[in-house]
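Undergrad: Would you be able to build a 3D model of this:
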Amino acid sequence: QVQLVESGGGLVQAGGSLRLSCVASGYTFSGDVMAWFRQAPGKEREFVGGIGRTGDTTYSTSMKGRFTISRDNAKNTVYLQMNTLKSEDTAVYLCAAGSSSVATRTTRGYRYWGQGTQVTVSS
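TA: Take a look at the predicted model:
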């Protein structure tokens with residue numbers, strides 16, 4: 001059974017940092033593209049960024065420079081380092097795995113999803 005489990009969310013003050021992790025189990029994800037999305041209450045799921053099989057990354061324009069995605073294939077884990085957090089970053093953050101050649105910015109490109117971890121940024 002394939003599972004993606006996120007962790008590392010919590011409450012942080014504006015300007016602070018958090019590091020999220022997503023551990024995959026039930027399959028070897030080294031061949032997959034991995035991505036992070038987020039969803040705030042009442043809003044659509046939004047692409048944060050993605051990382052390809054060889055470590056190439058792409059980010060949403062609003063998060064580029066503040067967020068960094070990395071992966072450790074030996075640990076079946078993908079990370080999201082978030083710096084200089086803002087109140088508008090408050091959302092549930094979800095990781096996703098897909099078999100496409102590049103990280104797509106739409107949810108349709110991904111076959112496995114985690115349940116998400118809540119990030120709350122207080123101003």
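
Undergrad: pLDDT score assigned to the spatially most central residue of the chain?
TA: By CA atoms, centre = their mean, the chain has its centre lying nearest to Trp36, at 2.3 Å. Trp36 is assigned 98 on the pLDDT scale.

Undergrad: in the chain, which spans are helices?
TA: Secondary structure of the chain (DSSP state H): no helices present.

Undergrad: Which stretches in it count as strands?
TA: In the chain, the strands defined using DSSP state E lie at 3-7, 10-13, 18-25, 33-39, 46-51, 57-59, 67-72, 77-82, 91-98, 112-113, 117-122.

Undergrad: what's the fifth one in contact with?
TA: When you say that, I think you mean strand 46-51. Identification of contacts with strand 46-51 by CB atoms under 8 Å, 6 or more residues apart in numbering yields 33-40, 57-60, 63-64, 67, 69-71, 78, 80, 91, 93, 102-106. The way it works is simple: take the backbone N, C-alpha and C, and place the C-beta from them, glycine included.
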